[in-house]
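**Student:** coords please:
(chains A and B)
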Amino acid sequence: MTLKIETRQADGVTVMSCQGRIVFGEEAAELRENLKRVLASTRQVVLNLAGVNYIDSGGLGTLVGVYSSARASGADIKLTGLGQRLRDVLQITKLVTVFEVYDSEQEAIATFHRGAA
Amino acid sequence: MAFQTIVGPSSGTGSGVFPTLVFVQGNEQRVINLDHSPFGVGRKVDKDLVIADPRVSRDHALIVSENGVFSVVDQGSKHGTFVNGERVERKTLERNDRLEFGVREVAYVIFNPQHGTTNSAREFLSQISGMHISDETTDLEKLVLFLEAARKLNTIGVLDEILMTLLDVTLKLTRAERAYVYMKNARGELRLAAGRNAKGEPLLDDKTISHSILEDALKSNSEFVLTDTSRSVDLTGRKSIVAYDLRTVICVPLRKPQVQATRAAEAPGPAIPAEVMGALYVDSRFASRDISGVSNDILHAIATEAASLIENARLVQAEEAGRRYQQELSIAASIQQRLMAVTIPEVPFAKLAGRNLSCKEIGGDFFDAVNTDEGLTIVLADVSGKGVSAALLASTLQGMIYSQLTAGMPLTEIVTAVNRFFTDKNIGEKYATVIIARVRDNGDVEYVNCGHILPLVVSNGEVQRPAHGNLPVGLLPDAKYESDHCQLKPGDRLILVTDGVTEAENARGDFFEDSRLELAAKTGTLEQIFTAISNFCGGTPLNDDCTVVELMYTG
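**Tutor:** Numbers count the residues shown, from 1 in each chain, chains lettered A, B, ... in the order given. Sure, this is the predicted structure:
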């Protein structure tokens, strides 16, 4: 397993930080299970991918899958901490138009509060 | 139904290739190879198996093979077809199933019994034991050595032969008349796995054994049950003992070997008996031999050794199943290789070449090339994930795109339709990146890029990356797709790659990256690009398939 996931609360928003690689197989499954578990109790998740140096097609599929089902159930996942590689991948796949991406974690958290106000 | 030759399971049966039927009628016993399907049974003289009895219908039943699975199909016979005593219309056959056609008891057929006529492993075993066992060794030592030897022989498909060896040795040691091994099937029912008499003849029929003792032995916690009927007072319910004059019955439940590590000397409480996986049954009749004097040591040795021996043989078989799974994978790999084996269309204005370097696991890359009135169209796709599912999805995708291309559909409509298909089918997180490029004879290229690595256009030693793109197919149902155009001059090359190329890794964990790809593409041909990749990776195996397609526009 080359993926570590840490979950914490910040200003009433769940922040999940990933470290390592999100690749097809147990890493992608780990991410899916963690997100699913968190989404059972909260609707506001910030996914910090600053520690992710690689995401392959399978990992990307997982991310989109969880993202879509979260949206469908009225929850929201916002991405932050995207390195150049991840930005490139999202750019090539045009998924940048699908996800909400923020430059910093604070900014992502703040948008939830703005939305609620 | 067409007459076909069967390629049967190759496990150790009579002929070694085809399953066998053992036909028993009165004192007659005949072994028939099931070497074709359908195999007819009936009273008519042209049947494969003719049973001349008025209770057997003229066209009574068929034994058919489908993908190596055998079934018996009743042809509306008057008196019915029975499998293990149950009347059936159609039933899948398992080893040692007993088939009866209209006439019961008098004539029956055993399907594919586990009795090899040639027995290489067993012969080998006796050779080993012959070499190493001197006359001074006791029977018990012989048995242990013999079984040890068998255990070391991890020959595939050896279970049958192990069982036979076990029976032979048991018969020799106990001097009993008959010996049978029963194994539990998946439903927990005991099924006869092998039987043998003291003359070394296979016994296919267990009607005359004491099933009640067999059941008792399984229920009891004891290591073995020895029943001496001459001393036993109560024989109520022991039908067979009375009917068949059985003198001594030894029944040894075969328990799964337990891990030895926990066997502490002061282990508290009563030992919990291990799971029973079968039983060894040995008996003798009054008329012949008395085996009640068999030493407990020998029975103890048989009970423990036999179980671990069989368990080992089973493990070997499980390993074999794993090997079959690997075979399945290699089949999937060959499916994928066929997807890659594209007949490249000859066009006057362009030369096309494609190459794929597969990683160990099967991936979901494919490419295709179709020449229509609109131009030469090349397709390169990469289904997310790996393995058989990715390969299957890739072949579906290839079929869909190919048929729509030949139908002359616009490129954007093709990917829209494919996207709709994939998202409708809801195949989870699987999706594909696809690039389709159509090159006309005037050098105009229309391309639609769905999340794929940007194409490369090499012109006068410079690399351009036409950057228009869309979402991958299969992720979002309402995705919109657009195409773009670029222009090729004679001598220009259009190169499409999958991300296995840019994400090829070396030992340090660096990727091949776009920069190295562009450099390799600028100066080299398809082959040189692959050389650059393998030089970069060194000995590091590929994580993903690498596919490169190169089109040279000649004008």
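
**Student:** tell me the SS of residue B:215?
**Tutor:** helix (DSSP: H, G, I helix; E, B strand; the rest coil).

**Student:** poorly predicted segments of the stretch 201-350 of chain B, please.
**Tutor:** B:221, B:223-245, B:257-274, B:286-296, B:312-314, B:316-317, B:320-321, B:323-325, B:327-340 (pLDDT under 70).

**Student:** the strand or helix carrying residue B:196 packs against which elements?
**Tutor:** Residue B:196 is part of strand B:190-197 when elements are defined by DSSP states H and E. Where contact means 3 or more CB pairs under 8 Å, 6 or more residues apart in numbering or on different chains; DSSP states H and E, strand B:190-197 is packed against helix B:159-174, strand B:178-184, strand B:276-285. (Each C-beta comes from the backbone N, C-alpha and C, glycine too.)

**Student:** okay, the angle between the first one and strand B:276-285?
**Tutor:** This means helix B:159-174. If you take axes from the mean of the first three to the mean of the last three CA atoms, to 10 degrees, helix B:159-174 sits at 40 degrees to strand B:276-285.

**Student:** what mean pLDDT would you report for helix B:159-174?
**Tutor:** The pLDDT scores in helix B:159-174 average 75.

**Student:** cool, and stretch B:447-459?
**Tutor:** Stretch B:447-459 shows an average pLDDT of 93 in the prediction.

**Student:** how long is it from one end to the other?
**Tutor:** 17 Å (CA to CA, to the nearest Å).

**Student:** please see if it touches chain A.
**Tutor:** Yes - Stretch B:447-459 reaches chain A (CB under 8 Å from any CB of the partner chain) through B:451, B:452, B:453, B:454.

**Student:** I figured the first one hits residue A:93, correct?
**Tutor:** What it means is residue B:451. Yes - between residue B:451 and residue A:93 there is a contact under CB atoms under 8 Å: 3.7 Å.

**Student:** now the common contact residues for those two.
**Tutor:** Contact criterion CB atoms under 8 Å, 6 or more residues apart in numbering or on different chains; residues shared by residue B:451 and residue A:93: B:433, B:469, B:471, B:472.

**Student:** show the subsequent helix or strand relative to the host helix or strand of residue B:356.
**Tutor:** Following DSSP H and E, the helix or strand that holds residue B:356 is strand B:350-357. Next helix or strand after strand B:350-357 toward the C-terminus (DSSP H and E): strand B:365-372.

**Student:** circling back: which neighbouring elements make contact with the strand holding residue B:356?
**Tutor:** strand B:365-372, strand B:375-383, helix B:526-537, strand B:546-553.

**Student:** chain center to the following helix or strand past the second one: distance?
**Tutor:** Per DSSP H and E, strand B:375-383 leads on to helix B:387-406 as the next helix or strand towards the C-terminus. Averaged C-alpha coordinates place helix B:387-406 at 25 Å from its chain's average position (CA atoms, centre = their mean, to the nearest Å).

**Student:** list the buried residues in helix B:387-406.
**Tutor:** B:388-398, B:400-402, B:404-405 (16 or more other CB atoms under 10 Å in any protein chain shown).

**Student:** which stretches of chain A have low pLDDT?
**Tutor:** Along chain A, the model assigns pLDDT under 70 to residues A:115-117.

**Student:** and the shared contacts of residue B:451 and residue A:93 as TSV, adding pLDDT and neighbour count?
**Tutor:** Listed next are the shared contacts of residue B:451 and residue A:93 as TSV, based on pLDDT from 0 to 100; neighbours: other CB atoms under 10 Å in any protein chain shown:
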residue	pLDDT	neighbour count
B:433	92	28
B:469	90	23
B:471	90	23
B:472	91	31
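
**Student:** identify the residues contacting the residue lying farthest from the centre of chain B.
**Tutor:** Most distant residue from the mean C-alpha position of chain B: residue B:460, 53.9 Å away (CA atoms, centre = their mean). Contact analysis of residue B:460 by CB under 8 Å, 6+ apart lists residue B:491.

**Student:** switch to 10 Å and redo it
**Tutor:** Counting by CB atoms under 10 Å, 6 or more residues apart in numbering or on different chains, residue B:460 touches B:489, B:491, B:492.

**Student:** can you check residue A:17 too?
**Tutor:** Taking CB under 10 Å, 6+ apart as the test, what residue A:17 contacts is A:4-8, A:46-52, A:80-81, A:105.

**Student:** tell me which of those fall in helices.
**Tutor:** Judged by DSSP state H, the contacts of residue A:17 include residue A:105 as members of helices.

**Student:** and of the contacts of residue A:17, the nearest to chain B?
**Tutor:** The closest of the contacts of residue A:17 to chain B turns out to be residue A:52 (CB to the nearest CB; 14.0 Å).

**Student:** what about the closest one, distance to residue A:86?
**Tutor:** Residue A:52 is 6 Å from residue A:86, where distance means CB to CB, to the nearest Å.

**Student:** tell me if the longest strand seen in chain A is near chain B.
**Tutor:** Determined from DSSP state E, the single longest strand within chain A is strand A:44-55. Yes - judged by CB under 10 Å from any CB of the partner chain, strand A:44-55 and chain B are in contact via A:53, A:54.

**Student:** and chain A, which residues reach chain B?
**Tutor:** By CB under 10 Å from any CB, the part of chain A that sits against chain B consists of A:21, A:23-25, A:28, A:32, A:53-54, A:56-68, A:85, A:88-95, A:97-98.

**Student:** rerun that using 8 Å as the cut-off
**Tutor:** Checking chain A against chain B by CB under 8 Å from any CB, the hits are A:24, A:28, A:32, A:54, A:56-58, A:60-62, A:64-65, A:68, A:92-95, A:97-98.

**Student:** which ones among the residues you listed lie within strands?
**Tutor:** Using DSSP E, residue A:54 are the members of those that sit in strands.

**Student:** and the residues of chain A next to chain B, which are buried?
**Tutor:** A:24, A:28, A:32, A:54, A:56-58, A:60-62, A:64-65, A:68, A:92-95, A:98.

**Student:** disregarding residues adjacent in the polypeptide, which is nearest to residue B:79?
**Tutor:** Spatial nearest neighbour of residue B:79, excluding adjacent residues (CB to CB, 6 or more residues apart in numbering or on different chains): residue B:102 at 3.5 Å.

**Student:** now for the one you found, how many residues are close by?
**Tutor:** Neighbour count of residue B:102, defined by other CB atoms under 10 Å in any protein chain shown: 23.

**Student:** what residue in the stretch 101-250 of chain B comes nearest to chain A?
**Tutor:** Nearest residue of the stretch 101-250 of chain B to chain A, counting by CB to the nearest CB: residue B:186, 29.2 Å away.
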